[in-house]
Structures are given as C-alpha cells and as structure tokens.
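Novice: From the sequence below, what's the structure:
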Amino acid sequence: MLTKRTLYLVMILFLFTIAYVYAEPVTLQQEAVKDKVSPGDTAEFLLKVRNNRDVADNFMVGINELDVYPFSNIIESSELSQEVLKLKPGESITVNLKLKVFDDATPNVNYKTYARVRSLINSDVSDKEELIISVLAPVNLAEIKTTFPDELVAAKNHVFNITLKNKVNKILKDVEISIVSELFQQSFKTDLYYGLPITKEIKYDLDPSTKPGEYKLEVKLFYNKRLRGSLIKEFEVVRNPNVLEKSEVESGFLVDVYRFEKENKGNLIMQENVFLPLGGVARLFTEVNVPAEKIESGYKWNFELKPGENYVIVAKTDYRILFYGTIIIIMFLLGMWYHLHKTVVIKKELYHAKDEKTGTSYVKIILRVKNKGSPLRNVKIVDIVPSILKVTGEYGTLKPSQIQSTFGGNRLIWEVSHLDLGDERILSYKLEAKHDLMVPTTLPPAAVIYKKFNNRLTKVSNKVVFVPKKDKSHRA
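Specialist: Numbers count the residues shown, from 1 in each chain. Have a look, this model is predicted:
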C-alpha cells in the first residue's frame, strides 16, 4: 500500500504539472487520429486549443505554410474544420486537421511539421505542437506476371501475356493496368476476383528501324487511382541486318528501263552498291534518276541505307529521243500557230424581267466577250439599240464609253484597254419599249472590234429576238 507520504508527493506533482500547463496564456495539444498513411492518403489530427488567460480572446489555428505545397512535395493540401476560435477565459475547443499526402511521396519515411495557434489581439500569445506523419509503403493488392521475352527482333505483330492475381479477399472493381515502355504504350481496365487469376493477351508493333539496345517494360496496377502493384521487365532489341533487293528490266521499241530497289528492313545502317553494265554509245542515250559514278564498263552507285530507308535507282536508255524530239517540235509549232490564230468569241443574250417594286417590265441585254487567243489591246465592243427601244441608263459593272445617236437608234460603245488569253468581259444594260410592240422584233448583233497582225478584225455575235406580250425571247 502507498504510504501517506508517497500519496502527498503524487498530489503535489500533479498540482505542479497543472499549474505549469495553465501558466501559458494559450496551449495547443494534438491527438493523432490517423498519422500512418500510404502515398495519396490523408492524415488526420485533433488539435485542442485552451485559453488560459482571464480574458476572452480570438485565436487563429493553422499549419506551417512552408510545409504545404507549393513549398513542399510531401503535403499536397491541408484542411481545418475551424480556423478562427473565440474562447472565453479557461475555455477550450478541439478542431480537426486533415493533411493530404502526395501520391508520389517517398514511402517508409517519417515527415515532421507543426501546427500553431496565436492570438489575433496579441501576436505574442501563441503556442505550437509538432506533428509527425508516417508514410507507409503502398500495399501490393495484386501479383503481376508477364511472358514478355528477354530478347526480341524489332518487327510487327508481337504478342505477350500479362497475368493478374488478386491477393486480397475482396473484389477489386475497375482496376487500371498501365503498360509503358520506351517503344510502345497500352492500358486497359478489368475486375479482379480473389483466387481467380486472369490472363490478358497484349498485341503490339515495333518499328523495324528501332535501334538495338536495352529497354524497359513497366506494368503498373492502379486501384482507386492509387498504385497497388507494379512489375519492371528489362529486355533487349537485338541487331537485325535485313536488306530486301529487287531489280527488273522493261524493254520496248528502242527503249530499255532498268529499275533497282533496296529497302532496309533491319535496324542497322548498311553500306550498299549497285552496278549497271553499259557500253559507250548506250551511255550517251541513258538518263538516271540518281547521280552515278561513270566507269568504262557502265554505271556504279555506292550509298548508305539507314534503317527503314528505301533506295530506288532508275536508268532509262532511249534511242527514240531524236524521233520524239522532232515530233515535239512540230507539235509545238502547230500549237503556236493554232494559239496565235484563235479568235475572240462574243455572245448576245436577251432576258425579260419585271421590277418587283414598281411592277414595270424591262428587257436586259447581256454581252459575253471571251478571248480564246493571244492577248489583245484597245478592244471595242459595239451594240445597236433600235429606235423602238429605249436605254434606261442602268448598266452592269462597266458603263459604255460612248453612246452615239443614229437614224436607226442608239449605238453603245465599250472600250477595253486589254483582253488577255482566257479573259472574259460581261456587259449588260436594260431596255424598255417606247410603245407596245405586237410582233417579235429582231435586235441586231453586237460586234467586237480589235487588231491582230496589224489588221482590223471584227467578230459579230448572234442575233436575239424580242417577243412581246410575255412571250419568251430566243436567239435568231
């Protein structure tokens, strides 16, 4: 049994401790709710703040800002249930603090930070408490195996298997599998059931020109967006010298075509050569698509063929060059003669229309002039308007340069400074009948006047017929 003296000493020590604690104006005490977490998890603490002063005060609670992102790569964010506390004398309040740890935080390490409280009235009244977060290694929820080979040839249509085995007694829904290599990437989702391993066939292609060397394949298993399993497999892409060769000769009347083709299907740089035997006369009539080394007995090509590269050499020996050259010259001269002697085309069109606002009927004349020959300068287009019709003064994009009054009506003259090959001018104007016409009236053709080889030439258009009483117009 405890003696009275021992009991007195314990009571005195307890009272001394209480007096020491409450001697501080404000105290902050923490209780770990969850301080052991995996990467990506959230640690949780309870912070108890007590006002030991004899007056009420407002206090601010928080965590050291330099221990939180962006100043830290361990704690991603912090969350307090209440940051500002209003405490009466002797009153205490407990708040909840959550600290989110980064997904890539280094496991098996203890990280230290601290929470603090200070008075909003007197900044000297404060306290702080150390917090320790233990980051544990991620738990591997599944076992991963693969049949990926140690060595392979860079080619298409490769296949390997991945086997996944659930190690926990629960259904893992929507597990994401990420397959990453320097040479290819794939991913898929699946459900894993305890005791029921699944095997997935993976197909992939490698570029045949892939450099030989050491590479790495990494398979990662994510569950609820957290890494829960991984496998790393190192493999080697081996050397593969592989050059495909093809040669053919096509012979015809006085012409031979030689074609040589080499394609590097491997992953090594190859030094290649091609030789074509030709006599001296044949070389005079031979053309090649790639410059060659001319030797006494023919042509020779030396070249480097990189992985995936295709090299084609074509040599054509053609003794018909003089024959075809003569034909080309004759055809060229004929073409030039035809080109220089092509002429100008002018077409005249007549349309009946009615003004939607006034309801007045009118006639619209359209002249289409197109140059199908050599360029022309100082071209005139002339059209005659009979006296029974009146020009309204409304024109298209180009107004007449002159309007001459004659005994039979009006002469409209347009002057065009130049008319190049293929150029087309569209001229239009509106007419109204001065009197009601009862019979069809034929309008005279328009004309285009130009000079060619110092000769004055005139080309006339078709005639058009004005049919009164809403009958449609037609060309004469």
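
Novice: how much space between the closest residue to Leu196 other than its chain neighbours and Tyr223?
Specialist: Sequence neighbours aside, Asn166 is the residue nearest to Leu196 in space, at 7.2 Å (criterion: Cβ to Cβ, 6 or more residues apart in numbering). Every C-beta, even on glycine, is put in place using the N, C-alpha and C of the backbone. Distance from Asn166 to Tyr223, counting by Cβ to Cβ, to the nearest Å: 10 Å.

Novice: What does Gly408 show for phi and psi?
Specialist: Dihedral angles of Gly408 (phi, psi; degrees, to the nearest 10) stand at phi -90, psi 0.

Novice: Nearest residue to it in space, ignoring adjacent ones along the chain?
Specialist: Ser387 (6.0 Å).

Novice: The helix or strand hosting Glu415 pairs with which strands, and in what direction?
Specialist: Element membership for Glu415, per DSSP states H and E: strand 409-419. Take DSSP bridges as the rule and strand 409-419 pairs in its sheet with strand 376-386 (antiparallel), strand 402-406 (antiparallel).

Novice: can you list contacts of the last one?
Specialist: The set of residues that contact strand 402-406 without belonging to it, under Cβ atoms under 8 Å, 6 or more residues apart in numbering, is 384, 391, 410-413, 415.

Novice: Which residue would you name as the spatial centre of this protein?
Specialist: With distances taken as Cα atoms, centre = their mean, the residue of the chain nearest its centroid is Gln185 (19.8 Å).

Novice: how close does that residue get to Ile179?
Specialist: 7 Å.

Novice: show me the contacts for the residue nearest to the centre of the chain.
Specialist: Contacts for Gln185 (Cβ under 8 Å, 6+ apart) come out as 178-179.

Novice: With adjacent residues omitted, what lies nearest to Pro400?
Specialist: Using Cβ to Cβ, 6+ apart, the closest residue to Pro400 is Leu412 (4.4 Å).

Novice: one step back: any common contacting residues for Asn166 and Tyr223?
Specialist: Contacts common to Asn166 and Tyr223, judged by Cβ under 8 Å, 6+ apart, are 141, 172.

Novice: Pop the domain breakdown of this protein in here.
Specialist: 4-135, 142-237, 243-319, 344-475 (automatic domain parsing).

Novice: now those in a markdown table, with distance to Ile328 and mean pLDDT?
Specialist: Shown next, in a markdown table, are these (distance: least, Cβ to Cβ, whole Å; pLDDT from 0 to 100):
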| stretch | distance to Ile328 | mean pLDDT |
| --- | --- | --- |
| domain 4-135 | 73 | 86 |
| domain 142-237 | 44 | 93 |
| domain 243-319 | 13 | 90 |
| domain 344-475 | 22 | 85 |
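
Novice: Please enumerate the helices of the stretch 201-350 of the chain.
Specialist: With helices called from DSSP state H, counting those that start in this stretch, the stretch 201-350 of the chain shows them at 280-284, 321-341.

Novice: swap in the stretch 1-150 of the chain?
Specialist: 4-21.

Novice: about what we covered before: what's across from the residue nearest to Leu196 in the sheet?
Specialist: Ala142, Tyr194.

Novice: re earlier: in a markdown table: the domains of the chain, plus distance to Ile327.
Specialist: Shown next, in a markdown table, are these (distance: least, Cβ to Cβ, whole Å):
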| stretch | distance to Ile327 |
| --- | --- |
| domain 4-135 | 76 |
| domain 142-237 | 47 |
| domain 243-319 | 14 |
| domain 344-475 | 24 |
